[in-house]
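Asks: return atomic coordinates for the entry below.
(2 chains)
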Amino acid sequence: MRKVFLLIAALFLINNASAQGGKMALVKGGNYTPLYGIGEQADVEVRDFYLEINPVTYAEFQEFVRNYSKWQKSKVTKLFADERYLSNWENDLTAPVALLDKPITMISWFAAKAYCECQGKRLPTVDEWEYAAMASTTKRDAREDSLYNASILRSYEQPRTFLKTVGQSDANYWGVKDMHGMVWEWTQDFNSIILTGESRNNGNTDASLFCAGGAIGAKDMMNYAAFMRYAMRSSLKANFSLTTLGFRCAKDVNHPLTLN
Amino acid sequence: MTKKLSSFKGYIYLLLFLSGAIFTACTQGQSRNTGNSNYTKDYSKTKVFGEMVAELTAPPHVPPPVGNRPAMKLYMEMEITEEEMEMADGVSYLFWTFGGTVPGSFIRARVGDEVEFKIKNHPDNKLPHNIDLHAVTGQGGGAEASFVAPGHEKTFSFKLINPGLYVYHCATAPVGMHIANGMYGLILVEPEGGLPPVDKEFYVMQGDFYTEGRFGEPGLQPFDMQKAYDERPDYVVFNGSVNALSGENALQAKAGETIRIFFGNGGPNLASSFHVIGEIFDKVYVDGGDQINYNVGTTLIPAGGAAILEFKADVPSNLVLVDHSIFRAFNKGALGILSVTGKENEKIFAGEIMEGIYLPEGSTIQKMPKDGNVVSPPVTMTKSELIDTGKKIYMQACFACHQANGEGVANAFPPLANADYLNADVNRSIDVLLHGLSGEITVNGKKYNSIMPSQQLKDEEVAAVLTYVYNSWGNNGTEVTPDMVNKRRKK
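Replies: Numbers count the residues shown, from 1 in each chain, chains lettered A, B, ... in the order given. So this is what the prediction gives:
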């Protein structure tokens, strides 16, 4: 019996590794306290999931719009993408050649979501994204590592990193690349944690939901890099198509994966 | 029936308005004298007449005065950019700006104006931003209404119901970091009838900056969160950089002119002890509000606060703007020049009175321990490398007295530009840096009697700064090597 399980598990792994679109890495779940959490009860459980190793590239997105014409820039439903959607493309089918191996940006949340779903995947949740992104190359949670935090903050201060080639950075603990220092990424529930446009009135809001810039309720006062990501997400609407915002897909691990 | 009633209502309003105006006329003077703030007029009902597009200006300039115009509908827009700019000579920093400058564009309006404000976040920017205007009554000063993602713009509107000078700033998380990166500026809400006219108006704003490298360390310097948190700035500057108000950027005025400085303090952390060396503020609008204080030397401006300062530039002089928390001025950059040209007035300032030298600590110059803050040059340098390095050292160690272009300060510090004393004897110049100089000397026919302390510099640094000086401003182009310095040191 155990052998059968193993076989299924192995098949799944192979299947995922060779699935259409980007290669995926397994992120083992666990509990973690998000930035906005206060106290132990704020711990969030993240289950095992697969996450694409690299952000989706222009080349991959080009293939997608060739197969799904309703996401081409002239055909997209206006409700699902603002006027900046793919506006740097030469035409409906041709992405700028120089950008093919760069992270796709200027795509709306609807388009990113559709891209993942058309491949039997989905966008990662905020918790999954943050959980995977707190890993350095050696530790699954490097948030206490000042050098790690400094390097993320540093990358936020480098302009035009959306023009970097994907996959050049060192893989993190889970084997995932370019979580930091390249583009912001869409998440499934990007607007579920609201950092209000006015980010200083902790006192009047539900402190467990509204993480404020004053950092009063923050678990880790020094994790300013994460504040910037939460602030970024809360400024978005689903039809926005930003120069500095891309995405990658995730997938459930929907079976007990016990390999020993 | 309803018509009648409404016209009757109109009369009542008119009466109320008139009685309000009389009340104003009677009480205004009193409130100014006593500093009583009970008096406030309700400007929320002020009617607007017509509309106009507001002119926003980059520092140190301010838009033209509002004067006696009625309250209007005022359109204004501001673009937010994130861009690398100069913090000091050879040092750059990624500033976040309102309108492309630090501080942001100056906004000028009058009480009762209805403002329609458009905020545009450049598509290449990484971050969302917003604006909290302290002049605005209502939710977060507009912060929530103006929260905008990169590549988007938002328009919001407000009525200005309190006259005064106010700070505006970005209030997006992490708020401290947005302010520390330069996202602040001033909005002036003039009273009815405008401010009294003056000859020159300037916009100066202080800010503290936190960089990974220490003061003067060259290259692009990243923001240092820990230092910001600990309130340990490396730079405290006026108008966004060490050189923003000196050298060719010095503010200009003529003797006899009346000057008004709109001074703001963006912080994020430090309060400013603002002072102009060689002047007294005739008037200070305390905290940018209605209360006026007269004859003030140094005035305190809190972080996130502002003040309006007025004085007459009586005599020609290089007036030095400083934060009189003085190590910030001479060691962190909080120093600017208001250059006043024109006729001497010996009744006000005669100068030229000789002084002896008083050295209670003995005849040797006291040495302070070296703090290592000086740029370390490589050991062997070409002439052009010496000049480059020398310029940085000059801007840190010499510039405050000898000025950006070596022109010196009249009657106090001798010029280095085209200076006969300097060009005559290179060994003597080296000795001055190594051992200091006191007593009377004559430079270009003028007598100077002041003290230059010995400089705590390495041989290479002395060589670099002297080579820079000798190869600038019409001097004779001598190259000074570390060897030459070392030989003089051993004598």
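
Asks: next up, the contacts around B:M76.
Replies: In this structure, B:M76 makes contact with B:53-54, B:56, B:107, B:115-118, judged by CB atoms under 8 Å, 6 or more residues apart in numbering or on different chains. Placement of C-beta: from N, CA and C, glycine included.

Asks: tell me the mean pLDDT for stretch B:84-101?
Replies: When pLDDT is averaged along stretch B:84-101, the result is 94.

Asks: cool, stretch B:119-127 as well?
Replies: The predicted model gives stretch B:119-127 an average pLDDT of 94.

Asks: got a list of contacts for that stretch?
Replies: For stretch B:119-127, the surrounding residues in contact (CB under 8 Å, 6+ apart) are A:84, A:156, A:159-160, A:184, A:228, A:231-232, A:242-244, B:77-82, B:96, B:128-131, B:146, B:148-156, B:172.

Asks: looking at those residues, which are in helices?
Replies: Within the contacts of stretch B:119-127, membership in helices is found for A:156, A:228, A:231-232, as judged by DSSP state H.

Asks: buried subset of the contacts of stretch B:119-127 as a PyMOL selection?
Replies: Burial among the contacts of stretch B:119-127 is assessed by 16 or more other CB atoms under 10 Å in any protein chain shown; the matching PyMOL selection reads:
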select buried, (chain A and resi 84+156+184+228+231+232+242+243+244) or (chain B and resi 77+78+79+80+81+82+96+128+129+130+131+146+148+149+150+151+152+153+154+156+172)
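
Asks: sorry, back to before: ranking by neighbours, what's the top pick from the contacts of B:M76?
Replies: With neighbours taken as other CB atoms under 10 Å in any protein chain shown, the top of the contacts of B:M76 is B:I107, carrying 27 neighbours.

Asks: which pLDDT does the model give it?
Replies: With respect to pLDDT, B:I107 has a value of 98.

Asks: so, low pLDDT: which residues of the chain?
Replies: Went with chain A since none was named. Within chain A, the stretches with pLDDT under 70 are A:1-21, A:36-41, A:193-223, A:255-260.

Asks: if you could check chain B rather than the one you did, that'd help
Replies: Under the criterion pLDDT under 70, the flagged ranges of chain B are B:1-39, B:352-379.

Asks: enumerate the beta-bridge partners assigned to the residue sitting nearest the centre point of chain A.
Replies: Relative to the mean C-alpha position of chain A, the nearest C-alpha, by CA atoms, centre = their mean, is the one of A:E185, at 4.3 Å. When bridges are taken as DSSP bridges, the partners of A:E185 come out as A:G246.

Asks: in this structure it contacts A:T244, no?
Replies: No: the pair formed by A:E185 and A:T244 falls short of the contact definition of CB atoms under 8 Å, at 10.3 Å.

Asks: returning to that earlier point: out of the ones in helices among the contacts of stretch B:119-127, who's nearest chain B?
Replies: Each of the ones in helices among the contacts of stretch B:119-127 was scored against chain B by CB to the nearest CB, and A:A231 proved nearest at 4.3 Å.

Asks: any idea how far the residue nearest to the closest one when sequence neighbours are not counted is from B:R328?
Replies: Sequence neighbours aside, B:A173 is the residue nearest to A:A231 in space, at 4.3 Å (criterion: CB to CB, 6 or more residues apart in numbering or on different chains). Applying CB to CB, to the nearest Å, the value for B:A173 to B:R328 is 28 Å.

Asks: so which of these two has more stuff around it?
Replies: A count of neighbours by other CB under 10 Å puts B:A173 above the other of B:A173 and B:R328, at 28 against 22.

Asks: name the element B:Y168 belongs to?
Replies: In this structure, B:Y168 is located in strand B:164-169 according to DSSP states H and E.

Asks: and that strand, which strands flank it?
Replies: Sheet neighbours of strand B:164-169, with direction, are listed as strand B:132-133 (antiparallel), strand B:184-190 (antiparallel) (DSSP bridges).

Asks: next one: it to chain centre, how far?
Replies: 15 Å (CA atoms, centre = their mean, to the nearest Å).

Asks: then stretch B:241-254?
Replies: On CA atoms, centre = their mean, the centre of stretch B:241-254 falls 9 Å from that of its chain.

Asks: that one: which residues count as buried?
Replies: Neighbour-count burial for stretch B:241-254, counted by 16+ other CB under 10 Å, picks out B:241-246, B:250-251, B:253.

Asks: how about these in CSV, adding distance to chain A and secondary structure?
Replies: CSV is the format used below for the buried residues of stretch B:241-254 (distance: CB to the nearest CB, whole Å; DSSP: H, G, I helix; E, B strand; the rest coil):
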residue, distance to chain A, secondary structure
B:S241, 17, coil
B:V242, 20, coil
B:N243, 22, coil
B:A244, 21, coil
B:L245, 26, coil
B:S246, 27, coil
B:A250, 31, coil
B:L251, 31, strand
B:A253, 38, strand
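
Asks: near chain B, which residues of the stretch 1-150 of chain A?
Replies: A:84, A:146, A:150 (CB under 8 Å from any CB of the partner chain).

Asks: quickly find the element holding the last one.
Replies: In this structure, A:A150 sits in helix A:146-156 according to DSSP H and E.

Asks: run through the bridge partners of B:D208.
Replies: Beta-bridge pairing of B:D208 under DSSP bridges involves B:V236.

Asks: quick one, domains of chain B?
Replies: If you go by the TED database, the domain ranges for chain B are B:45-193, B:201-341, B:383-490.

Asks: what's the closest of the ones you listed to B:G351?
Replies: Using CB to CB as the measure, domain B:383-490 is the one of these that comes nearest B:G351, at 4.5 Å.

Asks: so how far is that closest one from its chain's centroid?
Replies: In terms of CA atoms, centre = their mean, the centre of domain B:383-490 is set 28 Å apart from its chain centre.

Asks: same thing with stretch A:29-49?
Replies: Once both centres are worked out by CA atoms, centre = their mean, stretch A:29-49 turns out to sit 17 Å from its chain's centre.

Asks: stretch B:74-90 too?
Replies: Mean-position distance between stretch B:74-90 and its chain equals 16 Å (CA atoms, centre = their mean).

Asks: just stretch B:68-82 next, same as before
Replies: Averaged C-alpha coordinates place stretch B:68-82 at 23 Å from its chain's average position (CA atoms, centre = their mean).

Asks: check the secondary structure at the residue nearest to B:P268 when sequence neighbours are not counted for me.
Replies: On the basis of CB to CB, 6+ apart, the spatially nearest residue to B:P268 that is not a chain neighbour turns out to be B:I179, at 4.1 Å. At B:I179, secondary structure determined by DSSP: H, G, I helix; E, B strand; the rest coil is helix.

Asks: ok, how many other residues are close to B:I179?
Replies: Using other CB under 10 Å: B:I179 sits among 25 other residues.

Asks: ok, B:N269 next?
Replies: Considering only other CB under 10 Å, B:N269 is surrounded by 18 other residues.
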